[in-house]
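Q: Pasted the sequence and its predicted model underneath.
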Amino acid sequence: MPLILTQGNPIPNFFANINQNMRNDAYAAIAQLKYEDLFRGAGTLTNMDRVRVDMQGTFNRNGFTWSNIQVQINNQRGNSTIAHVELSRQCANITNAENQRGVAHKVHSALNQSLSTGCTYIITGTLP
């Protein structure tokens, strides 16, 4: 089954006052994500001066487990999320290096689109 990217609802806890410096840091932080980062436990995955990419943890929906990955503004209380992806954990057991890179690239694309649109993106499916 191929990976499928779907646009979801507006981002919960959205930070609406993003500036170009924050946006540039977000692109850089997203680009640093590797496959192995996507399935770690909760915590910061990558960090720049103004933003970080956090694994918020996992949740269950419709019998599947999902990773909740968010790009957030550093040192911001309250609404701080500027990009958000929900990644199916079906992708967690891929052993082929090329397909692992494919999953990471799909997450990069989803987070970049989320940053542009203000919506959550959902990645389903898997690769061999």
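A: Received, thanks. Residues are numbered from 1 along each chain as shown.

Q: can you pull out the strands in this structure?
A: Chain-ordered strands for the chain, with DSSP state E as the definition, fall at 4-10, 43-47, 51-61, 64-73, 81-88, 119-124.

Q: could those be laid out in CSV, adding mean pLDDT and mean neighbour count?
A: From N, CA and C alone the C-beta is placed, and that goes for glycine too. Converted to CSV, the strands of the chain look like this (pLDDT from 0 to 100; neighbours: other C-beta atoms under 10 Å):
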stretch, mean pLDDT, mean neighbour count
strand 4-10, 97, 12
strand 43-47, 97, 15
strand 51-61, 96, 17
strand 64-73, 96, 20
strand 81-88, 97, 25
strand 119-124, 97, 21
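
Q: The ones you listed into a markdown table, with extra columns for distance to residue 24?
A: Formatted as a markdown table, the entries for the strands of the chain read as follows, by distance: least, C-beta to C-beta, whole Å:
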| stretch | distance to residue 24 |
| --- | --- |
| strand 4-10 | 23 |
| strand 43-47 | 14 |
| strand 51-61 | 9 |
| strand 64-73 | 12 |
| strand 81-88 | 12 |
| strand 119-124 | 20 |
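
Q: Looking at the ones you listed, spot the one closest to residue 21.
A: Relative to residue 21, the nearest member of these by C-beta to C-beta is strand 51-61, separated by 9.4 Å.

Q: now the angle between strand 119-124 and that closest one, please.
A: Taking axes from the mean of the first three to the mean of the last three C-alpha atoms, to 10 degrees, strand 51-61 and strand 119-124 form an angle of 60 degrees between their directions.

Q: Residue 85 - nearest residue in space that isn't next to it in sequence?
A: With C-beta to C-beta, 6 or more residues apart in numbering as the measure, residue 110 is the residue that lies nearest to residue 85, at 4.4 Å, once sequence neighbours are left out.

Q: what's the spacing between that neighbour and residue 87?
A: From residue 110 over to residue 87 the distance is 8 Å, taken as C-beta to C-beta, to the nearest Å.

Q: what's the answer for residue 41, then?
A: Between residue 41 and residue 87 the distance, using C-beta to C-beta, works out to 14 Å.
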